[in-house]
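Asker: With the sequence up front, the predicted model follows.
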Amino acid sequence: MPVKLEKNPMQICEILRNVKILQMFYANIGVLLLFFILFCSLNIQQVSAQNEMQFGGCANLGIVVNPGAAGKTGSWNAVGSFRKQWVGFDGAPQTTILGIDGEVKFLKSFHGVGVSVFHDKVGPLTTMNINGNYSYHLELGKGYLGLGARLGVINVAFKTSDLKPSVDGGENDYHQSSDEALQGGDDSGTTFDVGLGGFYQSEVSYVSLSLLHLNAPTVEMKGGAEIKSRPVVTFGAGRKLGSSVMNLEPRIFFKSDFASSQLEMSALVNMKSKFAVGMGYRLQDAIFFEFGLNLSNGLYVGYTYDLCLSGLRRYNSGSHEVNVSYTFNIDVEKRTKRYKSVRIL
């Protein structure tokens, strides 16, 4: 017997249209990712010095690397993260993240909004990035697509007081007391920053693509120096395999500023939506281990440890990162169904 259709022809056409759009979206993502990987493999010998802020594990996506992910859980999320990289290495990076994002309904459609603050200190150089993030949400296939943009400012400060031109009364191998760069005192500058991103999420998978520092911002320091930021492209994807009791989530994350690139692969095991344990490999950099615990009332605490594999391993004891997030709801009209995750950002 022929199967009776429960949906009218208009609904069927709409479903087919959404499926076609989703297929095109995945195809375009795949083509772009292949292009970037080929470009970087042809032009880059290996991962070079760190430019963009480093985070532990590609699970920490969200508005940190993609404005399109603002409001992706349907709830409000307040997050905080602190990363101390290459412990024992003098002047090594220290990164702090604060942010909040959520979903709102306006003019009969849903939108994601959020604010993110990044603070990164590497030796005498400090970078502060403050962004406002916006995402327009579209129901697509069996999930939703967030198309977003960010606008913010970047402030860079250089503290000459952190440099030590002499050791025991004499000059060292790195700084001389007669160096003109040490005579002008501390220096700083500020400029605008722009980014774009798309984030698709279904019940079992997600795909993220973003272009950060789209305007290639250049910070002009008061002393006349210029500090340039390259555009950065990021791609991330993951899929849950298993049941709600226990599932495995393999993931991939790639980023490049067209001068250096970084690729990491990892897997996270979620147990009863309470515990998360995982590990991953960041190409030519580190093996990292992740641990997470969902506490009551929407509180999540996570920890990541990086075991360095590069030539720097002789000078440090690894990297540590602590993440805390709090998920809460505001009494406004919400969707009847959204796809939530233990990922903190």
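Answerer: The structure has been received and is ready for your questions.

Asker: can we go C-alpha only for contacts and neighbour counts from here?
Answerer: Will do.

Asker: For Lys121, list the residues it contacts.
Answerer: Ala92, Pro93, Gln94, Thr95, Thr127 (Cα atoms under 8 Å, 6 or more residues apart in numbering).

Asker: Now the closest residue to Ala149 other than its chain neighbours: phi and psi?
Answerer: Spatial nearest neighbour of Ala149, chain neighbours left out: Leu196 (4.4 Å); criterion: Cα to Cα, 6 or more residues apart in numbering. Phi and psi for Leu196, reported as degrees, to the nearest 10, are phi -130, psi 160.

Asker: does Leu196 have beta-bridge partners, and which?
Answerer: Ala149, Leu211 (DSSP bridges).

Asker: still on that earlier bit, for PyMOL, write a command that selects the buried ones of the contacts of Lys121.
Answerer: Applying 16 or more other Cα atoms under 10 Å to the contacts of Lys121, the buried members can be selected in PyMOL as follows:
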select buried, resi 93+94+95+127
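
Asker: Rebuild the contacts of Lys121 as TSV, extending it with secondary structure, distance to Leu248 and pLDDT.
Answerer: Listed next are those as TSV, based on DSSP: H, G, I helix; E, B strand; the rest coil; distance: Cα to Cα, whole Å; pLDDT from 0 to 100:
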residue	secondary structure	distance to Leu248	pLDDT
Ala92	coil	33	87
Pro93	coil	31	90
Gln94	strand	31	92
Thr95	strand	29	92
Thr127	strand	36	93
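
Asker: Closest one to Met246 out of the contacts of Lys121, please.
Answerer: The closest of those to Met246 turns out to be Thr95 (Cα to Cα; 32.0 Å).

Asker: correct me, but Pro124 touches Thr160?
Answerer: Yes - taking Cα atoms under 8 Å as the definition, Pro124 is a contact partner of Thr160 at 6.7 Å.

Asker: so what's the backbone phi/psi at the residue nearest the centre of the chain?
Answerer: Residue closest to the average C-alpha location in the chain (Cα atoms, centre = their mean): Val65, at 3.2 Å. Here is the backbone geometry of Val65 (degrees, to the nearest 10): phi -120, psi 0.

Asker: Gln201 now?
Answerer: phi -140, psi 130.

Asker: ok now do it, which residues does it touch?
Answerer: Counting by Cα under 8 Å, 6+ apart, Gln201 has contacts Lys72, Gly143, Tyr144, Leu145, Val207, Tyr339.

Asker: low-scoring pLDDT stretches of this structure, where are they?
Answerer: Counting by pLDDT under 70, the chain contains low-confidence residues at 1-53, 56-61, 161-185, 331-345.

Asker: Now Asn133. Nearest residue, chain neighbours left out?
Answerer: Per Cα to Cα, 6+ apart, closest to Asn133 is Arg150, 4.4 Å.

Asker: In this model Leu196 seems to touch the one you found, though I could be wrong.
Answerer: Yes - between Arg150 and Leu196 there is a contact under Cα under 8 Å: 6.4 Å.

Asker: what sits in contact with each of those two?
Answerer: Joint contacts of Arg150 and Leu196 (Cα under 8 Å, 6+ apart) are Pro67.

Asker: before we move on, the earlier item: the contacts of Gln201, buried ones only, as a ChimeraX selection?
Answerer: Here is the ChimeraX command that selects the buried residues among these (16+ other Cα under 10 Å):
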select :72,143,144,145,207
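
Asker: Export the contacts of Gln201 to CSV and append columns for secondary structure and distance to Val277.
Answerer: Below are the contacts of Gln201 laid out as CSV (DSSP: H, G, I helix; E, B strand; the rest coil; distance: Cα to Cα, whole Å):
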residue, secondary structure, distance to Val277
Lys72, coil, 22
Gly143, strand, 26
Tyr144, strand, 27
Leu145, strand, 28
Val207, strand, 21
Tyr339, coil, 20
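
Asker: Pro217: which of the contacts of Gln201 is nearest?
Answerer: Using Cα to Cα, the contacts of Gln201 come closest to Pro217 at Val207, 26.6 Å.

Asker: show me the contacts for that closest one.
Answerer: Counting by Cα under 8 Å, 6+ apart, Val207 has contacts Phe199, Tyr200, Gln201, Phe235, Gly236, Ala237, Gly238.

Asker: For the residue nearest to the centre of the chain, give me its contacts.
Answerer: Here Val65 is in contact with Ser210, Leu212, Thr234 (criterion: Cα under 8 Å, 6+ apart).

Asker: As a markdown table, these with distance to Lys222 would be great.
Answerer: A markdown table is the format used below for the contacts of Val65 (distance: Cα to Cα, whole Å):
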| residue | distance to Lys222 |
| --- | --- |
| Ser210 | 31 |
| Leu212 | 25 |
| Thr234 | 32 |
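
Asker: Kindly indicate which of the residues you listed lies nearest Met221.
Answerer: Nearest member of those to Met221, counting by Cα to Cα, is Leu212, at 21.6 Å.

Asker: Please work out how many residues are found near the closest one.
Answerer: Neighbour count for Leu212, taken as other Cα atoms under 10 Å: 25.

Asker: and it, what does it touch?
Answerer: Val65, Asn66, Val194, Gly195, Leu196, Pro231, Val232, Val233.
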